[in-house]
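Novice: for reference, the sequence and a predicted model appear below.
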Amino acid sequence: MLSYRTFLLPITPWTIQIMYHADLVISGGGSMNREAAVLGTPTYSLFKGKLAAVDRYLMDKGRIQHIDTLEEIGKIPVVKKQKHRKMNGNANLVQEVANSLTQQLR
């Protein structure tokens, strides 16, 4: 049986810094998952409700992995993050996300 130490991260001005330097983020919260994914931290979502379009977009881009079963939690690689994979800061990124969301709403 796997044993994990629980660490709850309070929302503070330092939260973004902690997620940036974390080796991974596992959360059921949408905002925290999205922020960690954009910062380049491996992100795993436990959220069980209807996914927002932006979450599906980040999953399609490989930025968030969705965990559906207890068995999948044990398969999450717990390793030291090698480098940050920030999302491209190009001028088209906002338009790309907006277009993807618009298409999904149709």
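Specialist: Arrived safely. Numbering: from 1, shown residues only.
Novice: pLDDT value on the closest residue to residue 57 other than its chain neighbours, please?
Specialist: Using CB to CB, 6 or more residues apart in numbering and skipping the chain neighbours, the partner closest in space to residue 57 is residue 100 (4.9 Å). For the C-beta atoms, the positions are set from N, CA and C on the backbone; glycine is no exception. On pLDDT, residue 100 comes in at 73.
Novice: surely residue 100 and residue 58 touch.
Specialist: No. Residue 100 is not in contact with residue 58 according to CB atoms under 8 Å; the separation is 10.1 Å.
Novice: who has more neighbours, these two?
Specialist: residue 58 (23 against 16; other CB atoms under 10 Å).
Novice: the residue nearest to residue 57 looks like it's in a strand, true?
Specialist: No. Counting by DSSP: H, G, I helix; E, B strand; the rest coil, residue 100 is not part of a strand but helix.
Novice: for it, give its distance to residue 52.
Specialist: Residue 100 sits 12 Å away from residue 52, going by CB to CB, to the nearest Å.
Novice: what does residue 73 give?
Specialist: 22 Å.
Novice: then residue 46?
Specialist: 15 Å.
Novice: same thing with residue 64?
Specialist: The gap separating residue 64 from residue 52 is 11 Å, by CB to CB.
Novice: which one's more surrounded, those two?
Specialist: residue 64 (27 against 14).
Novice: list the residues that contact the more buried one.
Specialist: Contact partners of residue 64, counting by CB atoms under 8 Å, 6 or more residues apart in numbering, are 33-34, 37, 43-45, 55, 58.
Novice: and these as a markdown table, adding distance to residue 80 and secondary structure?
Specialist: What follows is those, written out as a markdown table (distance: CB to CB, whole Å; DSSP: H, G, I helix; E, B strand; the rest coil):
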| residue | distance to residue 80 | secondary structure |
| --- | --- | --- |
| 33 | 21 | helix |
| 34 | 23 | helix |
| 37 | 18 | helix |
| 43 | 16 | strand |
| 44 | 16 | strand |
| 45 | 22 | strand |
| 55 | 26 | helix |
| 58 | 23 | helix |
